[in-house]
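Participant: what shape does this take:
(chains A and B)
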Amino acid sequence: MMEIKTENYNVVYDRASQSIVFDGSLRLNGSEEYSSISELLDHVLKDEPEKIILNLKKLAFLNSSGISILSKFVINVRKQKNIQMVVLGTTKNPWQGKSLKNLQRLMPYLKLELD
Amino acid sequence: METNSLTTKDNIFGSFVQNLPPSQEYLILSFSPGSIPLRQRWRNNCLSADFLADYLSTFFLGNDDQQPDSQKQAEVKSAVSYIANELLENAMKYGLEKSPFPISIQIHLNPELIIFQQTNSIHFEQVQKFQTHIKKLINGDPEELYILQLEKSDGEQSGLGFLTMLNDYGAELGWKFEDLPQESSEMAVTTMVQLSI
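Facilitator: Numbers count the residues shown, from 1 in each chain, chains lettered A, B, ... in the order given. Predicted structure coming up:
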């Protein structure tokens, strides 16, 4: 599944632009509720892309369970090796300035662009 | 939040201010643990957290003479929303649904410090496990614990709520456990989060 569209959030993978775009507000309860998102992310990895752009600019809210899911995804990208990882965020959503830097600690050559 | 317990077997951990001095602005939300399924009640976390942040943002950094720094206001509002949401999620997940004891969350605003206090009931049998977890948080390095928690194999819950408050928001955490004499199988646990702004 390459796109998830709900009332509160959307997650879309566009293979052509190598982007996974999140928008809305994500505050699901635990890994079970996040499972369709995890599956989408796993699916992207199985594609073995050269580059993954995780575009979070329009993600206005993410709870700790969501932070965990994204972090585990970054760990899996790191393990796969040879994938260039870029994370796009914005200081207009203040949580991103606080929490996204941890993704770099998980994967030092991850490129984090916060505008 | 006081109990009428004669046996004050309070257990305090971390940074917990026992008698909060009065603050200029505060808001308290108190509600029943609930009779409808968790999945349906979950959306109320969002409503409550955003309401708290929105309500209190009126008072953030309001120096009458000066223009409020809108970036800073946005950051504070976002932090309040995030922390309140995490606290409420914890109450929903770990609190006792059938307990007569309410879930409550209070936020106290001071010029440079916001204090959150969230209380819910917990089963007596869960107390030991929770206290062990708390001790690990207090004695460990939040950055290391954060990474360790992520590298752990998948559990249903992320275990990152408190760690993100410590690591990402630089908050100070404290906990207080109190007897509930009316309910011998339950205790009340209060989590305190102090956020410098």
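
Participant: any idea which element the closest residue in space to residue A:32 that isn't next to it in sequence lies in?
Facilitator: Nearest residue to residue A:32, sequence neighbours excluded (C-beta to C-beta, 6 or more residues apart in numbering or on different chains): residue B:156, at 6.3 Å. To be clear about C-beta, it is placed using only N, CA and C from the backbone, and glycine gets the same treatment. For residue B:156, there is no enclosing helix or strand under DSSP states H and E.

Participant: state the pLDDT value of the residue nearest to residue B:185 when sequence neighbours are not counted.
Facilitator: The shortest distance from residue B:185 to any non-neighbouring residue, by C-beta to C-beta, 6+ apart, is to residue B:124 (5.1 Å). Per-residue confidence (pLDDT) for residue B:124: 89.

Participant: tell me the contacts of residue B:124?
Facilitator: By C-beta atoms under 8 Å, 6 or more residues apart in numbering or on different chains, the contact list for residue B:124 reads B:184, B:185, B:186, B:187.

Participant: next, count neighbours for the residue nearest to residue A:32.
Facilitator: 12 (other C-beta atoms under 10 Å in any protein chain shown).

Participant: got the phi and psi for it?
Facilitator: phi -70, psi -40 (degrees, to the nearest 10).

Participant: repeat for the one 10 residues further on
Facilitator: The phi and psi values for residue B:166, taken as degrees, to the nearest 10, are phi -70, psi -50.

Participant: show me where chain B has strands.
Facilitator: B:11-14, B:25-31, B:103-109, B:113-123, B:172-179, B:186-196 (DSSP state E).

Participant: least reliable of the ones you listed by average pLDDT, please.
Facilitator: strand B:25-31 has the lowest average pLDDT among these, namely a mean of 90.

Participant: that one: how far from the chain's middle?
Facilitator: Chain-centre distance of strand B:25-31: 12 Å, with C-alpha atoms, centre = their mean, to the nearest Å.

Participant: low-scoring stretches of chain B, by residue?
Facilitator: Regions of chain B meeting the criterion pLDDT under 70 cover residues B:1-10, B:61-68, B:153-154.

Participant: enumerate the residues of it near chain A.
Facilitator: Listed as neighbours of chain A in chain B under the rule C-beta under 8 Å from any C-beta of the partner chain: B:38-39, B:42, B:45-46, B:71, B:74-75, B:77-79, B:81-82, B:85-86, B:89, B:93, B:143, B:146-147, B:149-151, B:154-161, B:163-164, B:167-169.

Participant: residue contacts, the closest residue to residue B:142 other than its chain neighbours?
Facilitator: Closest residue in space to residue B:142, ignoring its immediate chain neighbours: residue B:166 at 4.1 Å, by C-beta to C-beta, 6+ apart. Residues in contact with residue B:166 (C-beta under 8 Å, 6+ apart) are B:137, B:142, B:173.
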